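Enquirer: Test case, fold it:
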Amino acid sequence: MVKIFGDKIIWSVSILLFLISVLLVYSSGGYQSLPIHITHLFLGLGLIFIFSRFNYKYFTNLSFILVLVSSILLLWIIFNPSSYRGDLLAGRWIKVGFLSFQPSELAKYSLVLFLCRNLVVYKESLMSFRLFFVYILLPTLIVSGLIIQSNLSTVLLIIIILFFIIFLSGYPIQLFFKHLLLPALIITSFFFSLLCLPPIDIIDQYLPRLTTWKNRIVAQDIDAVPFRWVDSSQYNAKENSFHNNYQINNALSAINSGGILGKGAGKSYYKRLLPDSKSDFIFAILIEEYGLIGGAGVLFLYLLFYQRIIVLSIKSRDDFPRLLLLGLGSVVVFQALLHMSVSVNLIPVTGQTLPLISKGGSSVWVTSLAFGIILNISHQINNQSE
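Expert: The predicted model follows:
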């Protein structure tokens with residue numbers, strides 16, 4: 001009999017999410033979407049099984065290699081105009097034969113690994129801003145700079161996790177404000193000033209998605225400072241209705257039609273109208289078919305997973321596994337919350353998948369790798385307790 005390593009509840013949550021994924025992808029994408037998706041899920045399950053047995057301590061140094069590899073892949077996308085599904089400076093996927101891979105998925109998890117490693121290895125040295133910049137801020141700026149053209153929401157997710165794990169690492173609160181919060185405010189102010197400026201050719205040349213970001217903010221019609229200052233000179237409500245309002249309106253209609261109990265498995269109407277209903281808006285289809293109860297059930301699974309992360313991190317006697325648990329677990333849960341927030345129109349459209357549920361090989365594989373590492377840490381912590 002094959003021995004299972006790691007926390008049984010986390011294993012159960014991952015398998016339940018896989019099963020829910022099969023139902024929803026089959027419903028929203030039809031039979032033609034199912035074979036390749038099931039293949040992705042089996043590969044993901046294999047990665048969880050393998051990495052649950054792979055000692056997490058190897059990632060202390062392996063994390064640098066993963067960051068380097070993902071950065072090279074991101075550079076390849078930027079300078080290779082034939083990258084799959086995306087223009088020059090705005091592509092997201094690398095296509096190799098019949099396979100495609102999204103390097104930003106690997107980059108965000110590998111960066112979290114690398115930052116957790118540096119926060120522990122260089123704990124005493126990080127009191128100096130110069131070394132804090134070299135070991136923490138510089139890797140984050142490099143990876144974020146390579147991703148931001150094609151995936152602003154992933155950069156925002158990385159920044160949220162960065163603040164979270166540095167705060168939990170026990171970094172002195174006065175240095176937290178001085179070394180992290182102050183630079184973040186400066187960078188945010190500069191970035192927002194670009195959103196408020198009218199079109200400038202040289203800026204639009206190097207930031208081709210700036211107009212898209214402006215339009216998405218303007219489409220939310222937020223009558224509050226500083227959002228009312230965002231430049232709307234290139235926004236046309238009629239031309240942009242498909243990209244901005246069409247998706248959200250249909251997502252909200254799907255949620256509304258689901259009610260408490262839902263319309264039943266496979267009976268979604270809005271899966272035909274929603275673009276990317278198998279990935280970016282799969283939570284809306286979930287509620288339409290399984291109702292508020294189904295949506296709350298999936299949210300409960302993610303919260304149960306995070307509850308186990310917190311319990312295990314409290315049990316940990318070492319800083320590195322504790323930070324790694326909280327870092328990797330937070331990426332999964334925060335991404336799930338971002339996806340759900342988009343579906344219910346709390347935030348603008350981001351393009352974040354629902355971890356282990358949405359269709360997409362890159363997301364499934366890399367999230368599975370993170371689950372495997374978490375399970376190995378839980379195995380080591382339980383043995384440590386015994």
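Enquirer: pLDDT weak spots in the protein?
Expert: Applying pLDDT under 70 to the chain flags residues 1-2, 80-93, 95-99, 205-206, 208, 219-225, 235-245, 384-386.
Enquirer: switch to 80 and redo it
Expert: Within the chain, the stretches with pLDDT under 80 are 1-3, 29-33, 78-101, 149-151, 194-195, 197, 199-247, 274-276, 347-351, 384-386.
Enquirer: which residues touch the residue nearest the centre of it?
Expert: Centroid-nearest residue in the chain: residue 335, 4.3 Å away (criterion: C-alpha atoms, centre = their mean). By C-beta atoms under 8 Å, 6 or more residues apart in numbering, residue 335 lies in contact with 157, 352-355. Where you see a C-beta, it was placed from the backbone N, CA and C, and this is true even at glycine.
Enquirer: how about a cut-off of 10 Å?
Expert: Going by C-beta atoms under 10 Å, 6 or more residues apart in numbering, residue 335 touches 105, 108, 153-154, 157, 160-161, 302, 350, 352-355, 363, 367.
Enquirer: centre of the chain versus the helix or strand that residue 378 is a member of, how much separation?
Expert: Assigned by DSSP states H and E, residue 378 belongs to helix 361-385. With C-alpha atoms, centre = their mean, to the nearest Å as the basis, helix 361-385 stands 17 Å off its chain's centre.
Enquirer: helices or strands next to it in the packing?
Expert: Packing contacts for helix 361-385, counted by 3 or more C-beta pairs under 10 Å, 6 or more residues apart in numbering; DSSP states H and E, involve helix 8-29, helix 34-51, helix 59-79, strand 99-101, helix 103-121, helix 282-315, helix 319-343.
Enquirer: Nearest to residue 170, out of those?
Expert: Taking C-beta to C-beta, helix 319-343 is the member of the helices and strands packed on helix 361-385 nearest to residue 170, at 8.1 Å.
Enquirer: next one: the closest one to chain centre, how far?
Expert: Mean C-alpha position of helix 319-343 versus that of the full chain (C-alpha atoms, centre = their mean) differs by 8 Å.
Enquirer: Mind listing what's buried along that helix?
Expert: Buried residues in helix 319-343, counted by 16 or more other C-beta atoms under 10 Å: 319-340, 342-343.
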